[in-house]
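K.L.:
with the input below, show me the fold.
(chains A and B)
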Number of protein chains: 2
Amino acid sequence: MTELRGPVRIVGTGLIGTSIGLALARLGVVVELVDGNADNALMAERIGAGARRVDIAPQLVVVAVPPDHVGAVIAEQLAQTESAVVTDAASVKSKPLADARRLTGDLSRYVGSHPMAGSERNGPLAGRADLFDGATWAITPHETSDPEAVDLVRRLAEAAGARTVEMSVEDHDLGVARVSHLPHLMSALAAGTLADAPLSHLELSGQGVRDVTRIAAGDPALWTQIVSANSTALSGLLEQIRGELDRLLVALGKEEAGDELTAILGQGVSGAVRVPGKHGTPHIDLVTVLVTIPDRPGQLARLFADAAESGANVEDLRIDHSPGRPVGEVELAVKPASVDQLVDVLTERGWVVHR
Amino acid sequence: MTELRGPVRIVGTGLIGTSIGLALARLGVVVELVDGNADNALMAERIGAGARRVDIAPQLVVVAVPPDHVGAVIAEQLAQTESAVVTDAASVKSKPLADARRLTGDLSRYVGSHPMAGSERNGPLAGRADLFDGATWAITPHETSDPEAVDLVRRLAEAAGARTVEMSVEDHDLGVARVSHLPHLMSALAAGTLADAPLSHLELSGQGVRDVTRIAAGDPALWTQIVSANSTALSGLLEQIRGELDRLLVALGKEEAGDELTAILGQGVSGAVRVPGKHGTPHIDLVTVLVTIPDRPGQLARLFADAAESGANVEDLRIDHSPGRPVGEVELAVKPASVDQLVDVLTERGWVVHR
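P.N.:
Just a heads-up that it's a prediction; the model follows:
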């Protein structure tokens, strides 16, 4: 069993790099911080993510630079070190591997990885030691990866508190294209039609359009790099979407198109219910209860105190806040076994509850 | 000023019809309940939404039957009554109007309307007197609508507790195509690609794909009727989406496609930030604070009690529940003026808070 002893060199002290440094520092692992932007490295050092200068050669190098530069920095770090294992944290795995392969001969010391955690915040100051606690961290060995190198990267992920999943580079990239990059593009396309919409149309917005378009607000420059790096997997999926879109358009043009439309919408239901919810259980296993709440400070506190007294654990929740409503509605999702008790207790305490 | 005196005849005692009945009954307006399904009318009567038999001719008829039948029932009710105003509650307005026009000569007593509230639950037992409290209720007069009829329908919406918005039939249908029907179809297409995805890909799911695909789980039969009824407005938007999709595919096929991709993603950002949040304010005006919480009963109660003591009103919240995480993360959105006080109080009480 390979042990993670350190030092660990982190190249790129943005959110991910700094958070890995903070997670390792809390375990006493020596961390070296490298960044082309000296201010970032200094800030990361100041908040305790490691030191800008370490005199011992690294056991492991983590490349956490922007997507476009990952392959080149991997090759550079392999050249600069003699025996260090090199990994990266990019959200697409085939492009860094191909880029590094063009630049260097032996890639046995390189193993790709992808810590699946993030934030809308960027930069070292957004770094957090607990960013990866319980998160998924994909490890993607290639054909020539040294098994001991794979082991060491797994130790890194575990040290940061993550749950590891091992898969091939190709499988990973198709997976994230499906569950992350394609949803992002669909959200962007849907949101794009609202850019020039009259205000009177936007006034008709409900919770659905808010949910569908939320992620479209993400940084276009970062997403351009992510999407470009995964263009092969994404193009295949987008072709599939275009096929379905054409089917939709033909169906909508017909007088009697019910069956075709229902089939397309039914396929959507089949996919939607497969998306895992909290704890990886399908959200279909939870029961939701609606509670009307006045829009005043303290009401949520009172509601959750009452819910807690019923013994129910709130697994998920959502506030419905339609424009202009003087009252809000909170949707509480609980396990089926807790629902009766929850409704009884809330009703008893004067809440307006709907199942 | 036209007064709503009643009786009000409600045709169709599903969620919407029954809820209108309950809202009017609490004001003492006499409500007559009509439904082809005798069980539904009986249930609606039993929960207090009105009576199945009323001997006085109605002042107003509300047609709340499934989308496909609305036009025919409007014509039927105009024929059956001498002076009653007739409205409907369908989510698309041009098709019922066109259908009714084919079946009857004089439509001056008809004014379309669309109460924008709903639930994932259906049927009379899901009915609630407060379903429309503070909701938007669109009123869509056509060229020959009698102004007094328009006035009476406005009184109905206000009596149900809603905020009215008046717009043309065409404008309404393009608006809901944009902010409701198109997002639903985009969600269904994105979710559809997950129907046959390997489980290992679904394991990589985060909050983004959950948000984008949530509404795709809606009833395909109902959505087929809604989408078919609004096919003209929707086809135009879908053609626009297809154009953007082609642009995306061409850009992804190029070696250097950055600018094109960034432009498409930037358009998405422009649209996403225009979607109104709570109280109609853009969500960009709120500041979010992340709080780590152990996944145990009572923690949310403790958090909201502490937040309330800081004096901050939580305007929106979201739980991030990645599969397998032993801790959850709650994102609280508050007004910028409350954020410092909130962070101070929560930190003081031992919460792990990130801005």
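
K.L.:
what helix or strand is A:V291 on?
P.N.:
A:V291 belongs to strand A:287-294 when assigned by DSSP states H and E.

K.L.:
same question but for A:V165, I mixed them up
P.N.:
Counting by DSSP H and E, A:V165 is part of strand A:163-166.

K.L.:
residues in contact with that strand?
P.N.:
Outside strand A:163-166, the residues that touch it by Cβ atoms under 8 Å, 6 or more residues apart in numbering or on different chains are A:134-141, A:150, A:154, A:157-158, B:200, B:203-204, B:324. In short, each C-beta sits where N, CA and C put it, glycine included.

K.L.:
what packs against the helix or strand hosting A:S270?
P.N.:
Under the criterion of DSSP H and E, A:S270 resides in helix A:258-272. Applying 3 or more Cβ pairs under 8 Å, 6 or more residues apart in numbering or on different chains; DSSP states H and E, one finds that helix A:258-272 makes contact with helix A:231-253, helix B:182-192, helix B:207-213, helix B:220-229.

K.L.:
rewinding a little: right, and the pair among the contacts of strand A:163-166 with maximum separation?
P.N.:
With distances taken as Cβ to Cβ, the most widely separated pair in the contacts of strand A:163-166 is A:G134 and A:P141, at 23.0 Å.

K.L.:
surely A:P276 and B:Q207 touch.
P.N.:
No - the pair formed by A:P276 and B:Q207 falls short of the contact definition of Cβ atoms under 8 Å, at 11.2 Å.

K.L.:
what about these two, which has more around it?
P.N.:
A direct count of neighbours by other Cβ atoms under 10 Å in any protein chain shown for A:P276 and B:Q207 places A:P276 higher, at 22 against 17.

K.L.:
hey, where'd the helices end up in chain A?
P.N.:
With DSSP state H as the criterion, chain A has helices at A:15-25, A:38-46, A:70-80, A:94-103, A:147-159, A:169-176, A:182-192, A:199-202, A:207-213, A:220-229, A:231-253, A:258-272, A:299-309, A:339-348.

K.L.:
identify the residues contacting the residue lying closest to A:H201 once chain neighbours are set aside.
P.N.:
In space, A:H201 comes closest to B:G175 once its chain neighbours are excluded; the distance is 3.6 Å by Cβ to Cβ, 6 or more residues apart in numbering or on different chains. B:G175 makes contacts with A:197-198, A:200-201, A:203-204, B:167, as judged by Cβ under 8 Å, 6+ apart.

K.L.:
list buried members of those residues by neighbour count.
P.N.:
A:197, A:200-201, A:203-204, B:167 (16 or more other Cβ atoms under 10 Å in any protein chain shown).

K.L.:
using CSV, lay out the residues you listed together with pLDDT and distance to A:M186.
P.N.:
Output for the buried ones among the contacts of B:G175, formatted as CSV (pLDDT from 0 to 100; distance: Cβ to Cβ, whole Å):
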residue, pLDDT, distance to A:M186
A:A197, 94, 18
A:S200, 90, 25
A:H201, 93, 20
A:E203, 87, 24
A:L204, 90, 21
B:M167, 95, 28
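
K.L.:
and which of the residues you listed is nearest to B:D246?
P.N.:
Nearest to B:D246 among these, counting by Cβ to Cβ, is A:A197 at 21.5 Å.

K.L.:
contacting residues for the spatially closest residue to that closest one that is not a sequence neighbour?
P.N.:
Closest residue in space to A:A197, ignoring its immediate chain neighbours: B:R178 at 5.4 Å, by Cβ to Cβ, 6+ apart. Going by Cβ under 8 Å, 6+ apart, B:R178 touches A:193-194, A:197, A:201, B:237.

K.L.:
kindly report the domain assignment for chain A.
P.N.:
Using automatic domain parsing, the domains assigned to chain A come out as A:8-167, A:173-267, A:280-354.

K.L.:
can you list these in TSV and add distance to B:G36?
P.N.:
Shown next, in TSV, are those (distance: least, Cβ to Cβ, whole Å):
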stretch	distance to B:G36
domain A:8-167	50
domain A:173-267	20
domain A:280-354	26
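
K.L.:
lowest average confidence, helix or strand, in chain A?
P.N.:
Of all helical and strand segments in chain A, the minimum by mean pLDDT, DSSP states H and E falls on strand A:316-320, at a mean of 71.

K.L.:
got the buried residues for that one?
P.N.:
Under the neighbour-count rule (16+ other Cβ under 10 Å), strand A:316-320 has A:316-320 buried.

K.L.:
give me the subset of the residues you listed touching chain B.
P.N.:
For chain B, the contacts drawn from the buried residues of strand A:316-320 by Cβ under 8 Å from any Cβ of the partner chain are A:316-319.

K.L.:
got a pLDDT number for the residue of chain A most remote from its centre?
P.N.:
Distance from the C-alpha centroid of chain A, by Cα atoms, centre = their mean, peaks at A:E255 (42.3 Å). If you check A:E255, the pLDDT there is 74.

K.L.:
then A:V327?
P.N.:
Note on A:V327: pLDDT of 58.

K.L.:
again with A:G192
P.N.:
A:G192 is assigned 96 on the pLDDT scale.

K.L.:
what's near enough to touch it?
P.N.:
A:216, B:244, B:264, B:267-268, B:270-271.

K.L.:
and the residue of the stretch 1-150 of chain A found nearest chain B, how many neighbours?
P.N.:
The stretch 1-150 of chain A approaches chain B most closely through A:G134 (3.3 Å), counting by Cβ to the nearest Cβ. A count of nearby residues for A:G134, using other Cβ under 10 Å, gives 19.

K.L.:
for A:G253, same thing?
P.N.:
Neighbour number of A:G253 under other Cβ under 10 Å is 11.

K.L.:
that one is in contact with B:S235, isn't it?
P.N.:
Yes - assessed by Cβ under 8 Å, A:G253 is found in contact with B:S235 at 6.7 Å.

K.L.:
quick one: low-confidence residue ranges for the stretch 151-300 of chain A.
P.N.:
A:257, A:278-285, A:295-297 (pLDDT under 70).

K.L.:
one more time with 50, if that's ok
P.N.:
When residues are selected by pLDDT under 50, those of the stretch 151-300 of chain A lie in A:278-284.

K.L.:
give the buried residues for the helix holding A:S270.
P.N.:
Residues of helix A:258-272 classed as buried: A:260-262, A:264-272 (neighbour count, 16+ other Cβ under 10 Å).

K.L.:
off-centre distance for that helix?
P.N.:
27 Å (Cα atoms, centre = their mean, to the nearest Å).

K.L.:
A:S187 - nearest residue in space that isn't next to it in sequence?
P.N.:
Spatially, and ignoring its direct neighbours in sequence, A:S187 is nearest to A:A216 (4.2 Å; Cβ to Cβ, 6+ apart).

K.L.:
and if you look at A:N40?
P.N.:
Nearest residue to A:N40, sequence neighbours excluded (Cβ to Cβ, 6+ apart): A:T13, at 4.7 Å.

K.L.:
ditto for A:E239
P.N.:
Closest to A:E239 by Cβ to Cβ, 6+ apart is B:L249, at 7.1 Å.

K.L.:
count the residues that sit near that neighbour.
P.N.:
Look at B:L249: counted by other Cβ under 10 Å, it has 16 neighbours.

K.L.:
ok, now which ones touch it?
P.N.:
By Cβ under 8 Å, 6+ apart, B:L249 lies in contact with A:235, A:238-239, A:242.

K.L.:
name the member of the residues you listed with the most neighbours.
P.N.:
Highest neighbour count within the contacts of B:L249: A:L238, with 23 neighbours (other Cβ under 10 Å).

K.L.:
coming back round to it: rebuild the contacts of A:G192 as TSV, extending it with distance to A:R128.
P.N.:
Output for these, formatted as TSV (distance: Cβ to Cβ, whole Å):
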residue	distance to A:R128
A:A216	25
B:E244	36
B:I264	32
B:Q267	32
B:G268	28
B:S270	30
B:G271	31
